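structure for the following, please:
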Amino acid sequence: MSWAEARLLAHGAARPLTARTVPLRDAAGLALADGLATLQPLPGFDTAAMDGYAVSGTGPWRIRAAVRAGAPWAGVLGPAECVEISTGAGVPAGARAVLPLESALTTADGRVSGPVPPPGRHIRRTGEDAPAGRRLAPAGTRIGPALLGLAAACGHDSLRVRPRPRVGVLVTGDELEHTGVPGPGRVRDALGPLLPALVAELGGETEGVRHVPDGPAGASGSGLSGAVRAVRGADVVVVTGSTSVGATDQLRRLLEAAGARMVVDTVACRPGHPMLLAELAPDRWVVGLPGNPYAALVAARTLLGPLIAALSGRTLDPLPCVPVHGRARPAPGATRLVPVAWDGARARITEGHGAAFLRGPPWATRSPRSPRTGPTAVRRPCS
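Next comes the predicted model:
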């Protein structure tokens with residue numbers, strides 16, 4: 001199937017995880033299960049936007065009191081009266097505007113003179129930002145620092161959220177070394193360190209990384225089949241390598257034997273085409289990634305990212321379409337995916353994006369037209 005279709009299928013296959021309520025301090029990085037609405041008007045009362053004097057009528061004005069933030073004054077201003085006021089303090093009834101401190105002149109008899117401000121100047125009116133009950137963020141919004149602050153300003157102490165999908169990672173390959181410089185015929189494992197960080201960036205939580213040999217399961221139940229069964233408590237099992245049709249590639253045979261429902265089985269893209277997505281059991285998913293590092297990164301962004309978004313109750317990020325400059329080998333009948341660096345004016349293909357290489361992806365950035373930041377792969381050509 002096409003790359004664009006695979007993305008959509010991966011997102012449409014899963015239903016959101018069961019929502020739960022958490023305190024604000026635990027909500028960062030999760031997604032709203034319900035829309036965020038104000039519990040009171042914002043601001044909740046008429047508020048001074050400047051240090052100065054809240055004045056009534058025309059001057060000079062007689063000072064009635066000093067009003068500070070958090071200590072409202074219950075009186076009512078009459079004509080030619082004012083109160084000294086601090087930024088953020090409640091504006092008393094009868095005030096027409098706030099005269100900034102730097103524009104005011106205090107006389108010896110305790111009066112204030114200065115230019116008469118126009119009505120409403122330097123006053124934030126009740127509900128000016130939002131009336132009570134207005135929805136300020138839809139369900140599925142990923143919760144960042146600003147949204148946490150907004151929720152607190154709205155009066156919320158907790159939020160209903162979707163939990164982070166739990167992801168177990170199985171890295172296959174007899175040729176892999178996990179520390180130091182690999183010896184002859186050996187390869188350093190790049191995906192073991194890469195995938196937990198990518199899962200976190202995509203909104204998931206890695207339950208653990210296990211390294212599995214290529215060979216078939218022995219009498220002890222070791223091997224890929226046993227490793228998949230051993231990943232308990234995870235919503236998604238990611239398997240790297242073992243997705244092609246070679247003698248050591250077991251994943252498709254394993255899924256077929258287990259009666260899994262195949263959602264995506266290979267994608268018309270380069271690199272990463274032997275990727276797959278299957279439902280192993282209700283609400284339990286397997287994502288198969290190629291063993292080559294950049295191909296695996298492309299496949300993870302094609303299938304794992306949309307799947308995690310769906311489980312989190314988030315919408316699928318739209319794809320920006322921008323001119324791309326640089327060298328990329330054509331892929332007739334398929335989508336070529338390359339890392340690009342956005343320099344503010346155009347997208348430039350970074351060097352080092354062969355299926356087995358990761359030299360280019362660390363320098364990739366998303367277009368400013370895209371809603372999220374971070375490494376990405378962009379289709380070429382855009383249409």
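
check contacts around His211.
By Cβ atoms under 8 Å, 6 or more residues apart in numbering, the contact list for His211 reads 170-173, 176, 178, 189, 192. From N, CA and C alone the C-beta is placed, and that goes for glycine too.

and those as CSV, adding secondary structure, distance to Ala152 and neighbour count?
As requested, the contacts of His211 are exported to CSV (DSSP: H, G, I helix; E, B strand; the rest coil; distance: Cβ to Cβ, whole Å; neighbours: other Cβ atoms under 10 Å):
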residue, secondary structure, distance to Ala152, neighbour count
Leu170, strand, 40, 23
Val171, strand, 41, 26
Thr172, strand, 46, 25
Gly173, coil, 47, 20
Leu176, strand, 47, 21
His178, coil, 44, 12
Asp189, coil, 43, 21
Gly192, helix, 39, 17
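
which of those sits closest to Val286?
Using Cβ to Cβ, Leu170 comes nearest to Val286 of those, at 9.5 Å.

report how many residues lie close to Thr21.
13 (other Cβ atoms under 10 Å).

ok, it touching His156?
No. In this structure, Thr21 is not within contact of His156 by Cβ atoms under 8 Å, at 10.5 Å.

at the geometric centre of this structure, which residue do we find?
Arg142 (5.0 Å; Cα atoms, centre = their mean).

just checking, that residue touches Asp317?
No. Judged on Cβ under 8 Å, Arg142 makes no contact with Asp317 at a distance of 10.2 Å.

residues contacting Val83?
53-54, 63-67, 73, 75, 77, 92, 95.

again with Val55
Val55 neighbours (Cβ under 8 Å, 6+ apart): 61, 77, 81-82, 95-99, 112, 116-117.

what are the bridge partners for it, then?
Following DSSP bridges, Val55 is listed with bridge partners Cys82, Ala97.

how far away is it from Leu148?
Taking Cβ to Cβ, to the nearest Å as the measure, Val55 falls 37 Å from Leu148.

assign Ala295 to helix, strand or coil.
Here Ala295 is recorded as helix under DSSP: H, G, I helix; E, B strand; the rest coil.

list the contacts for Asp265?
252, 276 are the contacts of Asp265 under Cβ under 8 Å, 6+ apart.

that one and Val236: what is the separation?
17 Å.

check contacts around Gly352.
Per Cβ under 8 Å, 6+ apart, neighbours of Gly352: 358-360.

below-threshold pLDDT in the stretch 251-383 of the chain: ranges please.
366-383 (pLDDT under 70).

kindly report the same for the stretch 101-250 of the chain.
Ranges of the stretch 101-250 of the chain meeting pLDDT under 70: 215-222, 245-249.

in it, which spans are strands?
Remark: strands assigned in the stretch 101-250 of the chain by DSSP state E, counting those that start in this stretch are 105-106, 111-113, 123-124, 135-137, 158-162, 166-172, 176-177, 187-188, 205-212, 236-240.

if you compare those strands, which one is most tucked away?
Among these, ranked by average contacts under mean count of other Cβ atoms under 10 Å, first place goes to strand 236-240 (a mean of 27).

any idea of the angle it forms with strand 166-172?
20 degrees (axes from the mean of the first three to the mean of the last three Cα atoms, to 10 degrees).

for Thr47, which non-adjacent residue is closest in space?
Ranked by Cβ to Cβ, 6 or more residues apart in numbering and with sequence neighbours excluded, the top spatial neighbour of Thr47 is Arg124, at 4.3 Å.

then stretch 291-302 to PDB, C-alphas only?
Taking Å, rounded to 0.1, in the frame of the first residue of the first chain, the C-alpha atoms of stretch 291-302 are listed here in PDB:
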ATOM      1  CA  GLY A 291      16.700  -3.800  11.100                       C
ATOM      2  CA  ASN A 292      18.600  -1.100   9.200                       C
ATOM      3  CA  PRO A 293      18.600   2.000  11.500                       C
ATOM      4  CA  TYR A 294      17.300   4.700   9.200                       C
ATOM      5  CA  ALA A 295      14.800   2.400   7.600                       C
ATOM      6  CA  ALA A 296      13.600   1.500  11.100                       C
ATOM      7  CA  LEU A 297      13.300   5.200  11.900                       C
ATOM      8  CA  VAL A 298      11.200   5.900   8.800                       C
ATOM      9  CA  ALA A 299       9.000   2.900   9.600                       C
ATOM     10  CA  ALA A 300       8.500   4.000  13.200                       C
ATOM     11  CA  ARG A 301       7.400   7.400  12.100                       C
ATOM     12  CA  THR A 302       5.100   5.800   9.500                       C
END
